[in-house]
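A.B. asks: Whatever this is, show me its structure:
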Amino acid sequence: MKKNLLSLFSLALALSLTLSSCSIEINDGDNGSGTVTTPGTTESVLSGSGTLSGTITKDILIKKGNYTLDGVVKVTNGATITIEAGAVFNAVTTKSSSLVILQDGKINAVGTASEPIVFTTANKQPGDWGGITLYGKAPIKAVNGLPQALSEDGNSVYYGGDDANHNSGTMKFVRVEYGGKKINDGTSETNSMTFYSVGAGTTLENLVSYKGTDDGFEFFGGTVSAKNLVAYGNYDDSFDWQDAWSGQNNTNWYAFQTGTGNFGMEIEASANVDNTAPKISNITLIRDANTNPEVAGSVEISAIQFKRQGTGIFSNVYISGYKNMGGKSAYAVLIQDAATETSQVNTGKVVVAPLTYLNSDNAGVWGYAFTPNGAKTFTNTATVTKVTLTPGAWATVDGVNLLAALQ
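C.D. replies: Prediction:
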């Protein structure tokens, strides 16, 4: 036993998550397995295999390998979780497992196109686990313009701050599979990737949300921007935001809805008239044939919905496959309420152009859930092209190329 422990210490220096309730279960090949706790170390190292659980309060480095994510893992107390390219996490599905970066924590997860960082499950069923959540300190505007709100993810965390450039870390070439597990009340679900008041100093690039039971990506206020996003086969909306999210440098967002799916994009500003419209260049939304909304007969079959003062300036938008269903009409753009039309659409804070709308119903007009005051029309623009993304393992699941519809 002493020999085993000495080998463990020499291999990894100090393996633990320090003074918190968290521990790391280590498996190191020939030297056996065990649990090592070393309070007070400046950094823990997980080398090749093991279990991540509890609360992380000191820096931790997770090397390339295969790991178990057990329960809700929170990063806090100024700690950074650094994850190397090629690390794969299998989440425990018998509990509400998730990775949560709190406002005083940080993530540094940098994969590559050929060696992404993957969060998945052995069951491979939508809703198996909770997904990844980041909290930042950037401003929000919640209902009634409040600068703070209580999170919807079951963690009961108040989010919202005053640092527009706050940095929650970096995520590149990270894929989340089968997220959206139901939480506390048995009806609410987490998103595959959720960003609460995340600041513009945070880097989000080349991220995949695959077959989650809620939204693929959701932003609750904040100022962060995201590039090269893939939302594939998510049950609710592919992209969603509220609380006046205002990212200005977004590009290359791609959604492929298949089997079950609601809106391609659902947009609101929590009824705040005064909000800064986020900007996204290059959006491709494709709805596969025979894709149904979660609730039969629902209106949630359009590509982009704006409601509750939601705004957005979108350019180079390619939309395909949105068909009337269940007695409801599908549109490229659907405006849900007169207040949003009056205060946002008619003031130039809702723009979707140039736009191409193919293989879809109700071409040439925006949809309205009321009698509009100046209904919008559009002409398909031939120069609009689909999003271009780097191919590779980062966008391939079980042999399926998630980017195939872009070719």
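A.B. asks: Show the pLDDT at the closest residue to residue 180 other than its chain neighbours.
C.D. replies: Nearest residue to residue 180 in three dimensions, chain neighbours excluded: residue 213, at 3.3 Å (C-beta to C-beta, 6 or more residues apart in numbering). Where C-beta positions appear, they are placed from N, C-alpha and C, glycine not excepted. Looking at residue 213, its pLDDT is 95.
A.B. asks: Next: residue 154.
C.D. replies: 82.
A.B. asks: pretty sure it is touching residue 191, no?
C.D. replies: No: contact status for residue 154 versus residue 191: not in contact, 11.8 Å apart, counting by C-beta atoms under 8 Å.
A.B. asks: Would you mind telling me which of these two has more residues around it?
C.D. replies: A count of neighbours by other C-beta atoms under 10 Å puts residue 191 above the other of residue 154 and residue 191, at 29 against 20.
A.B. asks: show me what contacts the more buried one?
C.D. replies: Contact analysis of residue 191 by C-beta atoms under 8 Å, 6 or more residues apart in numbering lists 131, 133, 153, 179-180, 209, 212, 214-218, 240.
A.B. asks: Just the element for it, please.
C.D. replies: According to DSSP states H and E, residue 191 maps onto no helix or strand at all.
A.B. asks: Next one: it relative to residue 77, how far apart?
C.D. replies: Distance from residue 191 to residue 77, counting by C-beta to C-beta, to the nearest Å: 25 Å.
A.B. asks: same deal with residue 97?
C.D. replies: If you go by C-beta to C-beta, the gap between residue 97 and residue 77 works out to 21 Å.
A.B. asks: after the lowest-mean-pLDDT helix or strand in the chain comes which helix or strand?
C.D. replies: Ranking every helix and strand in the chain by mean pLDDT, DSSP states H and E puts strand 33-36 at the bottom, with a mean of 28. Next helix or strand after strand 33-36 toward the C-terminus (DSSP H and E): strand 43-46.
A.B. asks: counting contacts, what elements does whichever helix or strand comes after that next one pack onto?
C.D. replies: Past strand 43-46, further along toward the C-terminus, the next helix or strand under DSSP H and E is strand 49-56. On a contact count with 3 or more C-beta pairs under 8 Å, 6 or more residues apart in numbering; DSSP states H and E, strand 49-56 meets strand 24-27, strand 66-75.
A.B. asks: OK, contacts around residue 399?
C.D. replies: Contacts of residue 399 (C-beta under 8 Å, 6+ apart): none.
A.B. asks: Kindly report the same for residue 331.
C.D. replies: Contacts of residue 331 by C-beta under 8 Å, 6+ apart are 302-303, 322, 362, 365-367.
A.B. asks: for the residue nearest to residue 180, helix, strand, or coil?
C.D. replies: Assigned by DSSP: H, G, I helix; E, B strand; the rest coil, the conformation of residue 213 is coil.
A.B. asks: and it, what does it touch?
C.D. replies: Counted by C-beta under 8 Å, 6+ apart, residue 213 has contacts 126-127, 179-181, 189, 234-236.
A.B. asks: Over to it: give its phi and psi.
C.D. replies: Main-chain torsions, residue 213, degrees, to the nearest 10: phi -90, psi 0.
A.B. asks: From residue 45, how far off is it?
C.D. replies: 34 Å.
A.B. asks: So residue 208 lies in a helix, does it not?
C.D. replies: No: Residue 208: not assigned to a helix; according to three-state DSSP it is strand.
A.B. asks: can you pull the contacts of it?
C.D. replies: 116, 174-176, 229-232, 394-395, 402 are the contacts of residue 208 under C-beta under 8 Å, 6+ apart.
A.B. asks: show me what contacts residue 225?
C.D. replies: Residue 225 touches 200, 204, 247-250, counting by C-beta under 8 Å, 6+ apart.
A.B. asks: Swap in 6 Å and give it another go.
C.D. replies: Residues near residue 225 by C-beta atoms under 6 Å, 6 or more residues apart in numbering: 247, 249-250.
A.B. asks: returning to what we had before: neighbour-wise, which of residue 97 and residue 77 wins?
C.D. replies: Comparing residue 97 with residue 77 by other C-beta under 10 Å, the one with more neighbours is residue 97, at 26 against 15.
A.B. asks: Model confidence score at the more buried one, please.
C.D. replies: 94.
A.B. asks: now swap in residue 66 and tell me
C.D. replies: Residue 66 carries a pLDDT value of 98.
A.B. asks: ok, the nearest residue to it once chain neighbours are set aside - how many residues close by?
C.D. replies: Nearest residue to residue 66 in three dimensions, chain neighbours excluded: residue 88, at 5.1 Å (C-beta to C-beta, 6+ apart). Residue 88: 15 surrounding residues under other C-beta under 10 Å.
A.B. asks: Same question for residue 202.
C.D. replies: By other C-beta under 10 Å, neighbour count at residue 202 equals 26.
A.B. asks: One more: the one 10 residues further on?
C.D. replies: Burial of residue 212 is recorded as 32 neighbouring residues (other C-beta under 10 Å).
A.B. asks: So it versus residue 132, what's the distance?
C.D. replies: Plainly put, residue 212 is 11 Å away from residue 132 if you go by C-beta to C-beta.
A.B. asks: Please name the bridge partners of residue 203.
C.D. replies: When assigned by DSSP bridges, residue 203 has beta-bridge partners residue 170.
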